[in-house]
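# give me a 3D structure for the following:
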Amino acid sequence: MVLLVLICNTKKRVHIISKPNSRDRWISNGFPAVTWNYCKLSYVSKFTYLGHVITGVLNDDDTKREITYLFGRNNMLISRFYK
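Down below sits the predicted model:
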């Protein structure tokens, strides 16, 4: 028999609700509290995960900006070393 113990810091745990793009797909304006091990998790509109800002809006501007930056940096390195 294996006993698995999961310890979770509930101060660092948050939840976010993504709203659908069209208003006719909305289910509710409010949602019940989410709990983890009888502790309420806080609701946030955005948070940072591994250096990326996650928001409730379903777009990916931060990732597009980072990809553009990486392409520019790679092009600079290619032009510098392959002349």
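# neighbours around residue 16, how many?
By the measure other C-beta atoms under 10 Å, the count of residues near residue 16 is 12. C-beta: built from backbone N, CA, C; applies to glycine.
# Provide a list of residues in contact with the residue nearest to it when sequence neighbours are not counted.
Spatial nearest neighbour of residue 16, chain neighbours left out: residue 56 (5.3 Å); criterion: C-beta to C-beta, 6 or more residues apart in numbering. When the contact criterion is C-beta atoms under 8 Å, 6 or more residues apart in numbering, the partners of residue 56 are 16, 17, 18, 19, 45, 46.
# how close does residue 56 sit to residue 4?
Residue 56 sits 32 Å away from residue 4, taking C-beta to C-beta, to the nearest Å as the criterion.
# likewise residue 13?
Noted for residue 13: a distance of 18 Å to residue 4, by C-beta to C-beta.
# that's all I had, so thanks and see you.
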